[in-house]
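Engineer: got a sequence here, can you model it:
(2 chains)
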Amino acid sequence: MITVTNLHKSFGDNEVLSGIDARIEEKEVVCVIGPSGSGKSTFLRCMNMLEEITKGDVEIDGDRLTDPKTDINALRSRVGMVFQHFNLFPHMTVLENVTLGPIKVNGVKKGEAATQAKSLLEKVGLSDKADAYPGSLSGGQKQRVAIARALAMNPKVMLFDEPTSALDPELVGDVLEVMKNLAKEGMTMVVVTHEMGFAREMGDRVIFMDKGVIMEEGKPEDIFDNPQNERTQAFLSKLL
Amino acid sequence: MLENLRDIIENPDVIVNTLPFLWRGIQLTLIVTFVGVFFGFIIGSLVGLMRLTKNKLVYGIATVYIEVVRGTPILVQALFLYFAVSDFFGVNFTALQAGIIAIAINAGAYIAEIVRGGVESIDKGQTEAGRSMGMTATQTMRYIVWPQALRRMIPPLGNQFIVSLKDTSIFAVISLGEMTYLIRQYVGTTGDPFMPYVMLCLGYLIITIPCMVLLRQYERRLDV
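Structural biologist: Residues are numbered from 1 along each chain as shown, chains lettered A, B, ... in the order given. As a prediction, the model looks like this:
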């Protein structure tokens, strides 16, 4: 589904990613963990070209991101993205937030998009908020709308960039619940997260990153219970 | 001075006599301001967006325009347009055309900076959310960034409207028959300047004060 080859990313002289190789299979849930500044968010953002790739390549669903012939907009429409700070459109209602992409990008008719949006909102437990504006929602509700908005594009893979980091602790559960359901439905997911519980329970694989490289990866039980790399050990021991 | 005051009280006709001039002048003042600022907004939006591109040439053209306009007095711009440009290119602007163009070009430069500031004030995450759904840069600007930026631009745009309205008074020098010009003419014929100029001030304030009040209310609503 996604193949990352020797991915490098620099901001000026500052190299944030120093050669990442990874594969994400269809229906796989991969959690990316690591200390802040390790490059895990940048890694995720490179996967839909929100960050330009300095060197190396990412191939998604057969399309290479650095290939000038690749239609980046079309590719992005198949890759859902959920942000740490939700990034809902404050001037639109919840329903409009969810229908905007399908209508403008995929050319779906308004009524059809609304029907689909309503069923997605129901799925994330917010069918009563369709006509509300984002400003009146709690953080957890906002993030669930953001997930519905990404799902409305019928993506083949969903990227989550620390989706619960900006939430009050008591609101994290609702969002994780929605993500768990998605994972169970077989959605391909790459999740940058600090929620070790989620990574352990739902991750098919966990990637530990530090200083712009993948230090260790493997099944959650191996990474969490028996980490081989000493940086992984140090990182995990700090969490406990 | 007291004598002058008594004069005014005893002869209120001066006030009444200025009213037709004010009424005619205020119409032209408003026309020039509305039409000028309308085109100024179009120019300003384009130039403001040009200032936001990575293309150095486009950015350079926009910057030169803004700096030239902001670095010269509007009086000089009006004279330049009405006398120099029309002479050089052999086109004859009427005073009304020259006034409208001058306001459009002048306000356009200031509005360009308002537009740039407004668009830049919108969180980058908004653009990223749009682009990550597969929307083009243009779609993202049109449906996501611009509507939000526009709301923030309204107070400074309102201020620019007031500034431009007051700026129209200098078109008296190119004989555009707006408020200031007509009152000056009236004073020239009667030789009594005090009350006509008081009335002229009131003529401007009658428009600007309600504008300022409305703007303040809008700003208060934005804050909430």
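Engineer: now A:G186, what's its secondary structure?
Structural biologist: Of the three states, A:G186 takes coil according to DSSP: H, G, I helix; E, B strand; the rest coil.
Engineer: now do the contacts for it.
Structural biologist: Contacts for A:G186 (Cβ atoms under 8 Å, 6 or more residues apart in numbering or on different chains) come out as A:K27. To be clear about C-beta, it is placed using only N, CA and C from the backbone, and glycine gets the same treatment.
Engineer: distance of it relative to chain B?
Structural biologist: 22 Å (Cβ to the nearest Cβ, to the nearest Å).
Engineer: what about that residue, distance to B:A149?
Structural biologist: Counting by Cβ to Cβ, to the nearest Å, the gap from A:G186 to B:A149 is 40 Å.
Engineer: burial measure for residue 44, as a count.
Structural biologist: Because you didn't say which chain, this covers chain A. Neighbours of A:L44 under the rule other Cβ atoms under 10 Å in any protein chain shown: 20.
Engineer: wait, I meant chain B there
Structural biologist: 26.
Engineer: what residues are up against it?
Structural biologist: B:A107, B:G108, B:A109, B:Y110, B:I111, B:A112, B:I114, B:V115.
Engineer: in helices, which of the residues you listed appear?
Structural biologist: Among the contacts of B:G44, the residues falling in helices (DSSP state H) are B:A107, B:G108, B:A109, B:Y110, B:I111, B:A112, B:I114, B:V115.
Engineer: and which of those residues is nearest to chain A?
Structural biologist: Nearest to chain A, judged by Cβ to the nearest Cβ, of the ones in helices among the contacts of B:G44 is B:V115 at 17.1 Å.
Engineer: count of residues packed around the nearest residue to the closest one once chain neighbours are set aside?
Structural biologist: Among residues not flanking B:V115 along the chain, B:G48 sits closest, at 2.7 Å (Cβ to Cβ, 6 or more residues apart in numbering or on different chains). Residues near B:G48, counting by other Cβ under 10 Å, number 26.
Engineer: with only the CA atoms kept, save the helix or strand bottoming out on mean pLDDT in chain B in CSV.
Structural biologist: None of the helices or strands of chain B scores lower by mean pLDDT, DSSP states H and E than helix B:2-10, at a mean of 78. Output of helix B:2-10 as CSV, limited to C-alpha atoms (Å, rounded to 0.1, in the frame of the first residue of the first chain):
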residue,chain,number,x,y,z
LEU,B,2,-18.0,87.8,19.7
GLU,B,3,-19.2,90.1,16.9
ASN,B,4,-18.7,87.2,14.4
LEU,B,5,-20.7,84.9,16.6
ARG,B,6,-23.6,87.4,16.8
ASP,B,7,-23.4,87.7,13.1
ILE,B,8,-23.9,84.0,12.7
ILE,B,9,-26.8,83.9,15.1
GLU,B,10,-28.5,86.8,13.3
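Engineer: and stretch A:2-22 with chain B, contact?
Structural biologist: No: Stretch A:2-22 is not in contact with chain B by Cβ under 8 Å from any Cβ of the partner chain; minimum separation 14.3 Å.
Engineer: for stretch A:91-103, that is, sorry about that
Structural biologist: Yes: judged by Cβ under 8 Å from any Cβ, stretch A:91-103 and chain B are in contact via A:H91, A:L100, A:G101.
Engineer: about what we covered before: now the two most distant members of the ones in helices among the contacts of B:G44.
Structural biologist: B:A107 and B:V115 (11.7 Å; Cβ to Cβ).
Engineer: for chain B, what lies in contact range of chain A?
Structural biologist: Counting by Cβ under 8 Å from any Cβ, chain B sits next to chain A at B:123, B:125-126, B:128-129, B:131-136, B:139, B:143-144, B:147-148, B:151.
Engineer: hmm, 7 Å instead?
Structural biologist: With Cβ under 7 Å from any Cβ of the partner chain as the criterion, chain B meets chain A at residues B:125-126, B:128-129, B:131-136, B:139, B:143-144, B:147-148.
Engineer: what count of nearby residues applies to residue 110?
Structural biologist: Using chain A. 10.
Engineer: not what I meant, chain B
Structural biologist: B:Y110: 20 neighbours (other Cβ under 10 Å).
Engineer: quick one: residues contacting the closest residue to it other than its chain neighbours.
Structural biologist: Residue nearest to B:Y110 in three dimensions, not counting chain neighbours: B:Q160, with 5.4 Å by Cβ to Cβ, 6+ apart. By Cβ atoms under 7 Å, 6 or more residues apart in numbering or on different chains, B:Q160 lies in contact with B:A107, B:Y110, B:I111, B:I114.
Engineer: all the strands of chain A, residue numbers only.
Structural biologist: A:2-11, A:14-24, A:29-33, A:55-60, A:63-64, A:79-82, A:157-161, A:188-192, A:205-210, A:213-218 (DSSP state E).
Engineer: now mean neighbour count and mean pLDDT too, for the ones you listed, in TSV please.
Structural biologist: Output for the strands of chain A, formatted as TSV (neighbours: other Cβ atoms under 10 Å in any protein chain shown; pLDDT from 0 to 100):
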stretch	mean neighbour count	mean pLDDT
strand A:2-11	17	94
strand A:14-24	17	94
strand A:29-33	26	95
strand A:55-60	18	93
strand A:63-64	15	91
strand A:79-82	26	96
strand A:157-161	24	96
strand A:188-192	24	96
strand A:205-210	24	95
strand A:213-218	18	94
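Engineer: of all the ones you listed, which one is nearest B:L28?
Structural biologist: Among the strands of chain A, strand A:79-82 sits nearest to B:L28 (Cβ to Cβ), with 54.1 Å.
Engineer: mind listing what the closest one pairs with, with the direction of each?
Structural biologist: Note on strand A:79-82: by DSSP bridges, its sheet partners are strand A:157-161 (parallel).
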